[in-house]
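1. I need the structure of the sequence given here:
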Amino acid sequence: MNRKKILLVALVINLLFLGVYLSIYPLSAAEDTQPQPAAVQETPKDPGAQWEALRQREEALSIRQQELEKLEKQIDEKIRKLRELDAGIKAEVAAYRQISDERIKHLVKIYSSMKPKAAASLMDSLDTDVAVEVFLNMKGEIAGGILSYMDTAKAATITQRLMSYRNTRQAASAH
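-> Residues are numbered from 1 along each chain as shown. Below you'll find the predicted structure:
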């Protein structure tokens, strides 16, 4: 998930640079057919005219440099805002996960303290994903006792999900 965010930020930055480049050097067929300015086409023979041409070039470069610096500041500001946004999202996701984990732990305590038959009838009505999370956090003996009283189709689905979760965790820890 972290790689996806990094790639997304890199993509946004690349698009920003592409936008800046295209705004500075627009792609237009009309520009290719236009004649070049006199200062670029031929160099004046007169030293005074050469100095004037150089001064104009320097002025144009200075203006372009100022524009680029302005754009660079804007891009840096956008990158800073994106990083702040990314940090905020990560904090919210972490807070959500913590709350979700606390709720699951609370459900585990509730269902673990119940008689298996009563817990099974309630678990049958739970969403399968929630039931899987609850069973993942239960002790094996308690989970087995509850599963034995559950609807067989739902118990089979939960068992399959528990196995796929286990296989996913093993594959992730191997990498």
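2. switch to C-alpha atoms for all contacts and neighbour counts from now on
-> Fine.
3. And for the chain, the residue most distant from the center?
-> D46 (59.5 Å; C-alpha atoms, centre = their mean).
4. which ones are touching that one?
-> Contacts here follow C-alpha atoms under 8 Å, 6 or more residues apart in numbering; on that basis D46 touches nothing.
5. For it, what are phi and psi?
-> phi -70, psi 130 (degrees, to the nearest 10).
6. try M150
-> In terms of degrees, to the nearest 10, the main-chain angles of M150 are phi -80, psi 160.
7. residues contacting it?
-> M150 touches K117, A120, S121, M123, D124, counting by C-alpha under 8 Å, 6+ apart.
8. for the protein, what spans make up the helices?
-> Assigned helices in the chain, in chain order: 2-24, 29-33, 38-41, 47-113, 116-125, 128-136, 140-149, 152-174 (criterion: DSSP state H).
9. Tabulate those (TSV), appending mean pLDDT.
-> Shown next, in TSV, are those (pLDDT from 0 to 100):
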stretch	mean pLDDT
helix 2-24	75
helix 29-33	50
helix 38-41	48
helix 47-113	93
helix 116-125	92
helix 128-136	92
helix 140-149	93
helix 152-174	82
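10. Output the ones you listed in a markdown table, with mean neighbour count appended to each entry.
-> Below are the helices of the chain laid out as a markdown table (neighbours: other C-alpha atoms under 10 Å):
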| stretch | mean neighbour count |
| --- | --- |
| helix 2-24 | 12 |
| helix 29-33 | 9 |
| helix 38-41 | 11 |
| helix 47-113 | 13 |
| helix 116-125 | 17 |
| helix 128-136 | 18 |
| helix 140-149 | 16 |
| helix 152-174 | 13 |
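11. which non-adjacent residue is nearest V134?
-> Leaving aside its sequence neighbours, V134 sits nearest to V108 (C-alpha to C-alpha, 6 or more residues apart in numbering; 5.5 Å).
12. if we can go back for a sec, nearest to E133, of the contacts of M150?
-> Distances from E133 to the contacts of M150, taken as C-alpha to C-alpha, are shortest for M123 (11.5 Å).
13. Go ahead and confirm that closest one touches A131.
-> Yes - proximity of M123 to A131 meets the contact threshold set by C-alpha atoms under 8 Å, at 6.4 Å.
14. Relative to A155, which of the contacts of M150 is nearest.
-> D124 (8.3 Å).
15. do you know how far that closest one is from E102?
-> According to C-alpha to C-alpha, to the nearest Å, D124 stands 22 Å off from E102.
16. try Q65
-> For Q65, the distance to E102 - C-alpha to C-alpha - is 55 Å.
17. Kindly report the same for S112.
-> 15 Å.
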